[in-house]
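[1] Have a look at this fold, sequence not included:
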């Protein structure tokens, strides 16, 4: 089964920072779509928190070509599968509404830390 990842922020191949750019360039664009989430400006990057009552956040669905690329993205997002409580972002499945109106279950990185107010 292919690994699909919804990207709404800095992991996008066109805007990835230098430290993750080589992995981001390996991603293969599959579709455009939206998720329902609250989007926060965290300074150098955005963070989304899934919320069915929130506005739609646009993004794109990419095919992740291999486990090494996914591992590099996880490390960059500070997602630690063995220690999710301490992870900055969690990689979780979310329903993405594609531009053609269909729905696709994809991975997405969601913010996992308390928001400062």
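    Done, it's in. Only a predicted model underlies this, so the values are computations on that prediction, with no experimental measurement involved.

[2] For the chain, just list every one of the strands.
    3-7, 28-41, 46-50, 56-64, 89-98, 103-111 (DSSP state E).

[3] Who are the packing partners of the longest one?
    Contacts of strand 28-41 with other secondary structure elements, assessed using 3 or more CB pairs under 8 Å, 6 or more residues apart in numbering; DSSP states H and E, are made with strand 3-7, strand 46-50, strand 56-64, strand 89-98, strand 103-111. Placement of C-beta: from N, CA and C, glycine included.

[4] Which residues belonging to that strand are considered buried?
    In terms of neighbour count (16 or more other CB atoms under 10 Å), strand 28-41 has its buried residues at 30, 31, 33, 34, 35, 36, 37, 38, 39.

[5] Can you lay out these as JSON lines showing pLDDT?
    Formatted as JSON lines, the buried residues of strand 28-41 follow (pLDDT from 0 to 100):
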{"residue": "30", "pLDDT": "97"}
{"residue": "31", "pLDDT": "97"}
{"residue": "33", "pLDDT": "98"}
{"residue": "34", "pLDDT": "98"}
{"residue": "35", "pLDDT": "98"}
{"residue": "36", "pLDDT": "97"}
{"residue": "37", "pLDDT": "96"}
{"residue": "38", "pLDDT": "95"}
{"residue": "39", "pLDDT": "94"}
